[in-house]
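1. got a predicted structure here, sequence first:
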Amino acid sequence: MKQDKEVQRMKDEKRRLTEALYKKEAELNTLQAESKDIQKRTNQIEQSRLWKVLRPFMKIKCLFRSFYSKGKAELKDLQRINDELGIRLKEKERSIQELQVTLTSIQSELDKLTCAEVEERLKNAKMSGFVFEYIDSIVSLKERKVDELTSALHFSGRLFRKDSYDLQEIAYGKIISGMRTGDVPEFIVRHGEGKNGLSLEPLSSFREEMTKRARKRQLNKLPESILDNKKHAYSFVSGLGIKHPWISEAYDFYSLPDRSEVVIKPVEGAGSRGVYLVKKDSEILDIKRSRTLVSREELKVSMAEDLGLNWVIEDKWMMEELIFEDKQKGISARDLKFYTFYGEIALILEVVRTPSVKYCWWYPDGRKADTGKYSYELFEGNGVTEEDLRVASMLSTHVPAPFIRIDFLKTKEGLVFGEFTPKPGNYDEFNRKTDQKLGEAMLRAENRLLQDLLEGKKFDSFHKNLS
């Protein structure tokens, strides 16, 4: 990943220099055109009948002073301008040659740069104001490299179009393992759709499905987006008999009440940004920064920083009941985050917040999962029960969406609903195995959901409690 970032930075540098080269070449063309125009005008003067008539009478120019002086002055001006243009042309040509040398040098260095070097150059570009050019060049380089490699994979696939099915199975399987969904040629897709065809499962991607879902939200509000609002979510789960904490109205930064044993969080937010567990005035846990604040004044300063950093977009905050795992010991409840796909649970994340934030990934069958996320912040969790799985799975079947993460708080009495999360943060950090597994689960969920809708499922609880 670091090497890719370095290559991307170099791509930006190349784009910047290429744009500069283009501009200088355009300026050179303009200067050359101006020079030709001046030479043309000079030739016109020298070839004019007036000039030819005047030249033999140079010695008696007093008779023709007004005519001669005007022509000579104009010619001198033209000669001076032409000389200046010549100097400028030489300077531009020299600059272009230097740029071409630099571009050639950068091109040869691209594959040699490490990620750290690329990142360092990007930082410098950000400070010097050329970061956008760097980004453009990195994007351009990535597209070119991807296009070249994709074309090569397409060609390798076409080499097997007249071979036996078994050979095609091997070749096409290897080819799609290195492709994204949109890069697969039609003849391989058609092969996969045939009887006993090649499985296209390696193309499944949670990242791609979530990006598509984001684009769909831009086009129209999706069902899970409604549940992203905490009040709507609580109304919905209440109708299904699921317990949830109490929740306050929205407050701005200055009017937020000083209350203990509460969670303060933004009305609209993502991840743990702007989330604080207030056990008492002298013990306030800043979730995002993994630190403990010891006064209300520190809390106010930290919330102001959240707004200033745009971690919290709007100055609207709410409070909700702080749920404890062991209230006498002051241990707040741990989180159980279920990645649910319309009745199917594919992954669970267990989180503890104190004394520091730690994570544990689980498959629903009780096995530990290696997802590539939080690799250095893992702990030995307690896992989930069959009842926990049943509640999360049941709730997800009432949401007319192929995916939604359902977050619960674990107490001695069982699960307490926390929130719905339709767009989990940093899902792009999952390793390829997990990304494919979740992507496949989402595709299966879309099929089940579509089938239920075709069979007339109404999702009465969803519509009734959110009307």
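-> Yep, that arrived. Numbering: from 1, shown residues only.
2. mind listing the strands for the chain?
-> When assigned using DSSP state E, the strands of the chain occupy the ranges 262-266, 276-280, 283-286, 291-293, 317-321, 324-326, 331-332, 334-341, 344-352, 358-362, 404-411, 414-421.
3. what packs against the first one?
-> In this case it means strand 262-266. strand 276-280, helix 296-308, strand 317-321 (3 or more Cβ pairs under 8 Å, 6 or more residues apart in numbering; DSSP states H and E). (Each C-beta comes from the backbone N, C-alpha and C, glycine too.)
4. how far off strand 276-280 does that strand point, in degrees?
-> Between strand 262-266 and strand 276-280, the angle comes out at 160 degrees (axes from the mean of the first three to the mean of the last three Cα atoms, to 10 degrees).
5. and the fifth one, by the same measure?
-> The directions of strand 317-321 and strand 276-280 differ by 50 degrees, with the same axes, to 10 degrees as the criterion.
6. for the stretch 101-250 of the chain, give me the ranges with low pLDDT.
-> Across the stretch 101-250 of the chain, the ranges flagged by pLDDT under 70 are 101-113, 195-196.
7. now stretch 368-381: mean pLDDT?
-> Stretch 368-381 comes out with an average pLDDT of 87.
8. now that stretch: buried residues?
-> Going by neighbour count (16 or more other Cβ atoms under 10 Å), the buried part of stretch 368-381 is Ala369, Thr371, Lys373, Tyr374, Gly381.
9. closest to Gln39 out of those?
-> Comparing the buried residues of stretch 368-381 against Gln39 with Cβ to Cβ places Lys373 closest, at 68.3 Å.
10. surely the closest one and Phe430 touch.
-> Yes: the pair Lys373 / Phe430 is scored as a contact, 6.1 Å apart, by Cβ atoms under 8 Å.
11. any common contacting residues for these two?
-> Contact with both Lys373 and Phe430 is made by no residue, according to Cβ atoms under 8 Å, 6 or more residues apart in numbering.
12. most packed of the helices and strands packed on strand 262-266?
-> Neighbour counts (mean count of other Cβ atoms under 10 Å) averaged over each of these peak at strand 317-321, with a mean of 19.
13. report the rounded mean pLDDT for stretch 293-301.
-> 89.
14. still on that earlier bit, what's the most buried one of the strands of the chain?
-> When the strands of the chain are scored by mean count of other Cβ under 10 Å, the highest mean neighbour count falls to strand 334-341 (a mean of 24).
15. how far does it sit from its chain's centre?
-> Per Cα atoms, centre = their mean, to the nearest Å, the displacement of strand 334-341 from the mean C-alpha position of its chain is 24 Å.
16. quick one: pLDDT of Arg444?
-> Arg444 carries a pLDDT value of 95.
17. now swap in Arg49 and tell me
-> On the pLDDT scale, Arg49 is placed at 60.
18. and Tyr339, by the same measure?
-> On the pLDDT scale, Tyr339 is placed at 97.
19. touching, it and Arg405? I think so.
-> Yes: taking Cβ under 8 Å as the definition, Tyr339 is a contact partner of Arg405 at 5.5 Å.
20. anything in contact with each of those two?
-> By Cβ under 8 Å, 6+ apart, Tyr339 and Arg405 have these common neighbours: Pro424.
21. let me know the closest of the buried residues of stretch 368-381 to Asn229.
-> Using Cβ to Cβ, Lys373 is the member of the buried residues of stretch 368-381 that lies nearest Asn229, at 26.2 Å.
22. that closest one and Ser302: what is the separation?
-> 25 Å (Cβ to Cβ, to the nearest Å).
23. OK, contacts around the closest residue to Pro402 other than its chain neighbours?
-> Leaving aside its chain neighbours, Pro402 sits nearest to Ala445 (4.0 Å; criterion: Cβ to Cβ, 6 or more residues apart in numbering). Residues in contact with Ala445 (Cβ under 8 Å, 6+ apart) are Phe341, Tyr342, Gly343, Glu344, Pro402, Phe403.
24. now Asn382
-> Asn382 touches Arg334, Glu350, Lys410, counting by Cβ under 8 Å, 6+ apart.
25. would you turn the residues you listed into CSV with pLDDT and distance to Thr397?
-> Shown next, in CSV, are those (pLDDT from 0 to 100; distance: Cβ to Cβ, whole Å):
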residue, pLDDT, distance to Thr397
Arg334, 89, 25
Glu350, 94, 23
Lys410, 91, 21
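26. let me have these in TSV, adding distance to Leu122 as columns.
-> As requested, the contacts of Asn382 are exported to TSV (distance: Cβ to Cβ, whole Å):
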residue	distance to Leu122
Arg334	38
Glu350	36
Lys410	42
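27. for these, which one is nearest Met127?
-> Once Cβ to Cβ is applied, the member of these that ends up nearest Met127 is Glu350, at 41.1 Å.
28. kindly state the beta-bridge partners for the closest one.
-> Glu350 has these beta-bridge partners by DSSP bridges: Leu336, Cys360.
29. quick one: end-to-end length of stretch 222-234, please.
-> By Cα to Cα, to the nearest Å, the extent of stretch 222-234 from end to end equals 18 Å.
30. quick one on the thing from earlier: farthest pair within the buried residues of stretch 368-381?
-> Longest distance between any two of these is 14.4 Å, between Lys373 and Gly381; criterion Cβ to Cβ.
31. so which bits of stretch 151-158 are buried?
-> For stretch 151-158, the neighbour count (16+ other Cβ under 10 Å) marks Leu153, His154, Gly157 as buried.
32. C-alpha coordinates for stretch 363-371, PDB please?
-> The C-alpha coordinates for stretch 363-371 follow below in PDB (Å, rounded to 0.1, in the frame of the first residue of the first chain):
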ATOM      1  CA  TYR A 363     -17.900 -15.400  12.900                       C
ATOM      2  CA  PRO A 364     -21.400 -16.400  13.900                       C
ATOM      3  CA  ASP A 365     -20.300 -20.000  14.500                       C
ATOM      4  CA  GLY A 366     -18.000 -18.800  17.300                       C
ATOM      5  CA  ARG A 367     -14.700 -18.800  15.500                       C
ATOM      6  CA  LYS A 368     -12.400 -15.800  15.700                       C
ATOM      7  CA  ALA A 369     -12.200 -13.800  12.400                       C
ATOM      8  CA  ASP A 370      -9.100 -12.200  10.900                       C
ATOM      9  CA  THR A 371     -10.500  -9.200   9.000                       C
END
